[in-house]
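Undergrad: Okay, sequence plus prediction incoming.
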Amino acid sequence: MPDDELIGLARTGDARAFTELVRRYEDTVYRFSYKICRDSEAASETLQDTFINVYRKLNSFDGKSKFSTWLYTIVTNNCLMKRRKRKSDLMEESLEAYDHPSGEPGSLPRQKPVHTPETPADVVIGRELKSLLEEAMAKLPEEYRVVFTLRDVEGRSTEETASVLGLSVEATKSRLRRARAFLRDQLQPHLKAHPEILS
Amino acid sequence: MKCGDVYLHICDHLDEDINSERCRQIRQHLAGCPHCTEYLKSLKQTITLYRALPPPRIPAGTHRELFKTISTLTTKAAAGTPKRGRKTRKA
């Protein structure tokens, strides 16, 4: 049954229809929550909060956007609210440096190595790389993490990503550019040290 | 187009505006600039690596807790709603 029919039934109080909607989207919501919150406990909490919000606000969903877009918006708001209790590793302003290449004309943005294995031969590359990817992502402010995750990992359009965050398309592109540049700079030293990862 | 301009707009090249005039200029620049070509390649690699990360799985306890919450919510709502003619859903 298509989502809009399930939503219609759930609005009339059909518990089975609502449960089916939850079943259909629980993986999407958990996956996205985990990627934004970076923490299993916070992701579980966000999963619960999101579907409680969905249940309470189902009548206000106007159907103009996709149901998944509405879910992403609720997850993002829940994660950002939780974030206010914590301190982000990077201030948003520090990413503005990624708008400009550094050094000589024609040079590329400088790399900021954060992790260079001291004894590469002793390292399991897969585990090391996964940890590096997660460390770099955890350093991105959440507003940038949401943009990168939605656009580049979840494969959503720039317009949908902008809609989730209530940003203009241009502002979304700007955040995406900075996020990509930041993550790229974090990973490059490791990739250069271990080119076999990409082969 | 200079490297700095390419840097600012290279994401358009990665995204959906690949047929725009700006992207045509970027492609032209990339054809003669190994630095920017390498930079674009490394951006693509970064995205590929993040896409390749295995998705997190919902812990069994979290799944159970979620459906318990949903059941409580819907049961409470049904108990608090006056009975009226509802459509029955086909299985």
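TA: The structure has been received and is ready for your questions.

Undergrad: Can you pull up the most central residue in chain B?
TA: The C-alpha lying nearest the average C-alpha coordinate of chain B belongs to residue B:51 (Cα atoms, centre = their mean; 9.6 Å).

Undergrad: Would the one helix or strand it maps to count as contacting chain A?
TA: Here residue B:51, judged by DSSP states H and E, is contained in helix B:34-52. Yes. With Cβ under 8 Å from any Cβ of the partner chain as the criterion, chain A is reached by helix B:34-52 at B:35, B:36, B:38, B:39, B:42, B:43, B:45, B:46, B:47, B:49, B:50, B:51. (C-beta placed from N, C-alpha, C; glycine too.)

Undergrad: any low-confidence regions in chain A?
TA: Low-confidence segments of chain A, defined by pLDDT under 70: A:83-125, A:197-199.

Undergrad: residue ranges of the helices in it, please?
TA: Using DSSP state H, the helices of chain A run over residues A:3-11, A:15-37, A:40-57, A:67-83, A:125-139, A:142-148, A:158-165, A:169-193.

Undergrad: Please tabulate the ones you listed in a markdown table, including the columns mean neighbour count and distance to chain B.
TA: Below are the helices of chain A laid out as a markdown table (neighbours: other Cβ atoms under 10 Å in any protein chain shown; distance: least, Cβ to the nearest Cβ, whole Å):
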| stretch | mean neighbour count | distance to chain B |
| --- | --- | --- |
| helix A:3-11 | 16 | 6 |
| helix A:15-37 | 20 | 4 |
| helix A:40-57 | 19 | 4 |
| helix A:67-83 | 20 | 14 |
| helix A:125-139 | 16 | 6 |
| helix A:142-148 | 23 | 8 |
| helix A:158-165 | 20 | 6 |
| helix A:169-193 | 20 | 4 |
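
Undergrad: and the ones you listed as CSV, adding distance to residue B:24?
TA: Output for those, formatted as CSV (distance: least, Cβ to Cβ, whole Å):
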stretch, distance to residue B:24
helix A:3-11, 39
helix A:15-37, 34
helix A:40-57, 42
helix A:67-83, 32
helix A:125-139, 32
helix A:142-148, 26
helix A:158-165, 19
helix A:169-193, 18
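
Undergrad: Would you mind telling me which of those helices is nearest residue B:69?
TA: Closest to residue B:69 of the helices of chain A, according to Cβ to Cβ: helix A:40-57, at 5.7 Å.

Undergrad: I appreciate the help and will end here.
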